[in-house]
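[1] build me a model from this:
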Amino acid sequence: MRIIRAIYHFFRSDIPYGIGNLIKFFPVVWKFRPWDYGFNLELLRHSLRYLLKTLDEHGMEVDETRIPRVEAIKRVIFLLDHHANGDLLSITAETQGWKELWQKTKCRKNLNS
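    Residues are numbered from 1 along each chain as shown. Next up is the predicted model:
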């Protein structure tokens, strides 16, 4: 009986989701090269876009926890977009994130002294 369920699950769920993922990720996977981290970031950005769409439209969480996650994912996608364009340093220097990173680095330096 378990084998029949496993075969049913394979044909009912695994194959359709697998084909759907191949279609969704085909452009990114086609350009993927394992020796450059930029391609890994592109794959992450593409994946986060689908996650954001799912959480935003079909998220079954309460708004108190879902909205901060959605905003954090939007921020990561924004940073990955600007990293791909090559202007990440100028964008992060203008935002609060750079100041927070600098403060954390500065505090760690003081702790090591």
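
[2] can you show me the CA trace of stretch 41-60 as CSV?
    In CSV, the C-alpha atoms belonging to stretch 41-60 read as follows (Å, rounded to 0.1, in the frame of the first residue of the first chain):
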residue,chain,number,x,y,z
LEU,A,41,22.9,35.5,-6.1
GLU,A,42,20.8,35.7,-9.3
LEU,A,43,19.3,32.3,-8.5
LEU,A,44,18.6,33.5,-5.0
ARG,A,45,17.0,36.7,-6.3
HIS,A,46,14.8,34.8,-8.7
SER,A,47,13.7,32.4,-5.9
LEU,A,48,13.0,35.2,-3.5
ARG,A,49,10.7,36.9,-6.1
TYR,A,50,8.5,33.8,-6.2
LEU,A,51,8.6,33.5,-2.4
LEU,A,52,7.6,37.2,-2.1
LYS,A,53,4.7,36.8,-4.5
THR,A,54,3.5,33.7,-2.6
LEU,A,55,3.7,35.3,0.8
ASP,A,56,2.1,38.5,-0.3
GLU,A,57,-0.8,37.0,-2.1
HIS,A,58,-1.4,33.7,-0.4
GLY,A,59,0.4,34.0,3.0
MET,A,60,-1.6,32.4,5.8
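
[3] so which bits of it are buried?
    42, 45-46, 52, 55 (16 or more other C-beta atoms under 10 Å). All C-beta atoms are positioned from the backbone trio N, CA, C, and that covers glycine.

[4] what lies in contact with that stretch?
    By C-beta atoms under 8 Å, 6 or more residues apart in numbering, the surrounding residues in contact with stretch 41-60 are 24-25, 28-29, 31-32, 61, 66, 69-70, 73-74, 76-77, 80-81, 83-84.

[5] filter these to the buried ones?
    70, 73, 77, 80, 83.

[6] and the helix or strand where Phe26 lies, what's its mean pLDDT?
    Applying DSSP states H and E as the criterion places Phe26 in helix 15-31. Mean per-residue pLDDT for helix 15-31: 92.

[7] could you identify the helix or strand that succeeds that helix?
    Remark: after helix 15-31, the chain's next helix or strand is helix 37-58, criterion DSSP H and E.

[8] the next helix-or-strand element following that following helix: how far from the chain's middle?
    Downstream of helix 37-58, the first helix or strand assigned by DSSP H and E is helix 63-85. Relative to the centre of its chain, helix 63-85 is centred 8 Å away, using C-alpha atoms, centre = their mean, to the nearest Å.
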